[in-house]
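>>> Provided below are the primary sequence and the corresponding predicted coordinates.
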Amino acid sequence: MRWLSFLPPIALVALLFRNAVNIPYWDEWDDDLAGLFIKLKTGHLTLGDLWAPHNEGRLVLPKIFFLILGTSTHWNLIYEVAATFLMVCLITYAIYRLERPAFSERPGAGSIIFFISSLLLFSPAQSGAWLWGMEIILYVPLLCIVAALLILRSNLGETAKLVYCMVLATIATYSFSNGFLLWLVLFPAVFPVEDWHGLKEKPRNALCWLLASFGNVAAYFHNLGLSQSNELPWRNPWPALNYFFVFLGAPLVDRQSSHHLQSAAAIGLVITILFLGICFWIFRQRKNQSLIRLSLPWLTIGVYGVLSAVLAAAGRSALGTEQALSSRYGIFGISLIIALVHLIPILVFSDSAENVSATPRLPRPGYPLAGLAATVVLLHAMAFPSNVSNMGTARLYFRLGTASLQFLDVLPPQPAMMEYSFSDYAKFKKNADALNKLNVRNDDFLKTTRLADFKLNPQPDCGGIESAEKVGNKIYLLGWALSPDHKTPADCVLFTCEGPGIEPTILGLMDHRFDRTDLVEAFHSRKYFGAGWNKTIDEQDLPRGKLELKAFVYDVQTRQVTPLGKAITVSNP
């Protein structure tokens, strides 16, 4: 049955192959990421650049990784997406190794639990992390945790185990902002209570751990420049608490549901109560050393998920509860759910073994496990279509950002560029031009806006301009567009103007895309869902005279244009 566990990663590979786009996104265009490649190529990179904080975190080791990988691949972000996938494969394998002692005598239960773990770890609910190359940093702390737990089960000496775990905690600290939590959550696993009796080196090793943790945390936060929130969470705790629950429940919720926030909060509340209840129960059974040993890895992973949610709620709840649903952060809620998926069967089987003769009428242990598995799989299945759709939507955003990048040298700043690439146009253009000039990236910017220089790909029924309204000196256009193969919404829509003595010239790209549920209902097809677009044109940007405005689908891969129906005639005196 374990072969079923290979289905989630195979399905995810297919989704990544379809939706991943080679373009830096948002933070990656900033000076402390894109600028590192420029400094490296020009010989100005310093250790201070690697140590410099990024969004209140010190990404020292990821920056080194990005530079090494990027310089050998022309900073092709697809390789970072692949690296993220491979890292999660390592996490999954480590979890398989960790769970074997608990379920070695129950291979059927172990297969079910491992399948659920695979389902969660490779879930498209994490679309933001899967498709955004730099988000590999989110998975580093969890990989360090499971690696440390495996090392602690090895036959290495006590000193070697301590050193390796300290190295892994340091790696996590300088990889992501919550990585310093490993110094806290790994302490009970590195120094279990039952090992203290009769071992003189334990206090010495514990002191080394504490000194290393204090030193790392002190260095990490020195001159970090934490931003001050407008409203401290403890002054108004309810939004922060709600954010906490939504943050943990998000991986199992349908984000397109009208009650997605309430559903995520309810799921987060249930799994938090379950985890706290299990922790209390295990504390009461603390003399059962076998139970403690089997439970400790999953308690460690679960505590990591809970504390990550606490940090997120403390630092980001002021941004609004909706932000807690971000698909970038799914791995933290998934960590807690995976911990529960392992802890509940461990407790059920342990209780059954102890009471099998005394209470023969107790429910069979398989029933709670089956109920748990069915609940997780059902919630995952209900959210799966919307999560796959979200990956497709992210692909469209990245492709629109790609179109903005390709026209960077020949068009003025476009709204789509600011929304889907980077908000600071001057910095965006400076870094994009430098990356291409230094051969870090090969984006091959367009050099013309003459429509005649583009290959025409006439395809019928790709969409059109539905309405045009003039208010003051602004012209507002609205419409929809499909790709030339009619399978997905268009990558981008570009607009041209022409008139007597004026050859057709591209004047801009679509401003935004939006969902068209009316088209989905009218044509009974989901492919129209993200096909809506709008455009605002300022008359001051148009030539004088009687003009025709036309819209074209633009394909970022082939760089071909496809005309959309209906032209708009305007007079610009």
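Arrived safely.
>>> measure F398 to D491 for me?
Distance from F398 to D491, counting by CB to CB, to the nearest Å: 10 Å. For glycine as for every other residue, the C-beta is placed from the backbone atoms N, C-alpha and C.
>>> actually Y304, not the one I typed
39 Å.
>>> Equivalent analysis for Y329, please.
Applying CB to CB to Y329 and D491 gives a distance of 28 Å.
>>> same deal with I145?
Taking CB to CB as the measure, I145 falls 40 Å from D491.
>>> same question, I112
Applying CB to CB, one obtains 42 Å for the distance of I112 from D491.
>>> residue ranges of the helices in the stretch 201-350 of the chain, please?
Assigned by DSSP state H, counting those that start in this stretch, the stretch 201-350 of the chain shows helices spanning 201-221, 237-249, 260-284, 289-316, 330-355.
>>> could you check the angle helix 260-284 makes with the longest one?
Think helix 289-316. Angle between the axes of helix 289-316 and helix 260-284 is 140 degrees (criterion: axes from the mean of the first three to the mean of the last three CA atoms, to 10 degrees).
>>> Could you figure out how far helix 289-316 is turned away from helix 237-249?
Computed by the same axes, to 10 degrees, the angle separating helix 289-316 from helix 237-249 equals 120 degrees.
>>> The first one now?
The directions of helix 201-221 and helix 237-249 differ by 110 degrees, with the same axes, to 10 degrees as the criterion.
>>> same thing with the third one?
Between helix 260-284 and helix 237-249, the angle formed by their directions is 80 degrees, by the same axes, to 10 degrees.
>>> on contacts alone, who are the packing partners of helix 260-284?
helix 237-249, helix 289-316, helix 330-355 (3 or more CB pairs under 8 Å, 6 or more residues apart in numbering; DSSP states H and E).
>>> tell me how far it is from the chain's mean position?
Here the centre of helix 260-284 is set off from its chain's centre by 23 Å, with CA atoms, centre = their mean, to the nearest Å.
>>> and V310, what does it touch?
Contact analysis of V310 by CB atoms under 8 Å, 6 or more residues apart in numbering lists F244.
>>> Number of residues surrounding L184?
Residues contacting L184 under the criterion other CB atoms under 10 Å number 14.
>>> Please apply the same query to P543.
Applying other CB under 10 Å, we find 13 other residues in the vicinity of P543.
>>> that older thread, the helices of the stretch 201-350 of the chain: which one's closest to R516?
Smallest distance to R516 across the helices of the stretch 201-350 of the chain (CB to CB): 20.2 Å, for helix 260-284.
>>> and the angle from that closest one to helix 330-355?
Taking the same axes, to 10 degrees, helix 260-284 and helix 330-355 form an angle of 40 degrees between their directions.
>>> Can you redo the helices and strands packed on helix 260-284 as a markdown table, where the extra columns are mean pLDDT?
Listed next are the helices and strands packed on helix 260-284 as a markdown table, based on pLDDT from 0 to 100:
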| stretch | mean pLDDT |
| --- | --- |
| helix 237-249 | 89 |
| helix 289-316 | 90 |
| helix 330-355 | 81 |
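>>> closest to T517 out of the ones you listed?
Proximity to T517 (CB to CB) singles out helix 237-249 among those, at 24.5 Å.
>>> Can you list the buried residues in that closest one?
Buried residues in helix 237-249, defined by neighbour count with 16 or more other CB atoms under 10 Å: 240-249.
>>> Check stretch 558-573 too.
Buried residues in stretch 558-573, counting neighbours by 16+ other CB under 10 Å, are found at 560-564, 567-568, 570, 572.
>>> which outside residues touch that stretch?
Among residues not part of stretch 558-573, those counted as contacts by CB under 8 Å, 6+ apart are 406, 446, 451, 454-459, 462-465, 468, 470, 475, 477, 479, 481, 484, 493-494, 539, 542-555.
>>> average pLDDT across that stretch?
Stretch 558-573 shows a mean pLDDT of 85.
>>> measure that stretch end to end?
Stretch 558-573 stretches 37 Å from its first residue to its last (CA to CA, to the nearest Å).
>>> swap in stretch 117-128?
Stretch 117-128 stretches 19 Å from its first residue to its last (CA to CA).
>>> Check the offset of that stretch from the chain's centre.
Taking CA atoms, centre = their mean, the mean C-alpha location of stretch 117-128 is offset from the chain mean by 10 Å.
>>> so what are the domain limits for the chain?
Residue ranges of the domains in the chain are recorded as 2-22+76-189+210-218+235-352+367-397, 451-572, according to automatic domain parsing.
>>> Looking at the ones you listed, which one is packed in the most?
Most buried of these, by mean neighbour count (mean count of other CB atoms under 10 Å): domain 2-22+76-189+210-218+235-352+367-397, with a mean of 19.
>>> Could you check how far it is from the centre of its chain?
What separates the centre of domain 2-22+76-189+210-218+235-352+367-397 from the centre of its chain is 13 Å, taken as CA atoms, centre = their mean.
>>> what do you get for stretch 472-480?
Distance, stretch centre to chain centre, for stretch 472-480: 34 Å (CA atoms, centre = their mean).
>>> swap in stretch 524-535?
Put simply, stretch 524-535 sits 24 Å off its chain's centre (CA atoms, centre = their mean).
>>> Give me the contact list for it.
389, 392-393, 396, 463, 476-482, 486-490, 493, 495, 508, 510-517, 519-520, 522, 551.
>>> and it, how far apart are its ends?
26 Å.
>>> per-residue confidence averaged over stretch 397-406?
The predicted model assigns stretch 397-406 a mean pLDDT of 90.
>>> do stretch 126-142 as well
For stretch 126-142, the mean pLDDT works out to 92.
>>> Excluding sequence neighbours, find me the nearest residue to the residue nearest in space to the middle of the chain.
Closest to where the C-alpha atoms of the chain average out (CA atoms, centre = their mean) is A129, at 1.9 Å. With CB to CB, 6 or more residues apart in numbering as the measure, E135 is the residue that lies nearest to A129, at 4.1 Å, once sequence neighbours are left out.
>>> who's in contact with the one you found?
Residues near E135 by CB under 8 Å, 6+ apart: 84, 128-129, 328.
>>> quick one: low-confidence ranges for the stretch 1-150 of the chain?
1-2 (pLDDT under 70).
>>> A522: what's it in contact with?
A522 makes contact with Y528, according to CB under 8 Å, 6+ apart.
>>> any idea of the mean pLDDT in the helix or strand where V520 lies?
Assigning secondary structure by DSSP states H and E places V520 in helix 517-523. Helix 517-523 carries an average pLDDT of 87.
>>> Over to stretch 314-325 now: how far is its first residue from its last?
Across its full length, stretch 314-325 reaches 15 Å end to end, with CA to CA as the criterion.
>>> if we look at that stretch, which residues are touching it?
56, 229-231, 233, 239-240, 242-244, 246-247, 250, 253, 255, 260-261, 264, 312-313.
>>> and what of stretch 17-26?
Contacts of stretch 17-26 from elsewhere in the structure, counted by CB under 8 Å, 6+ apart, are 33-34, 75-78, 81, 127, 130-133, 391-392, 394-395, 398-399, 401-402, 405, 420-422.
>>> All the helices of the stretch 51-200 of the chain, residue numbers only.
Counting by DSSP H, counting those that start in this stretch, residue ranges of the helices within the stretch 51-200 of the chain are 60-73, 77-103, 107-121, 127-131, 140-152, 158-173, 182-185, 187-190.
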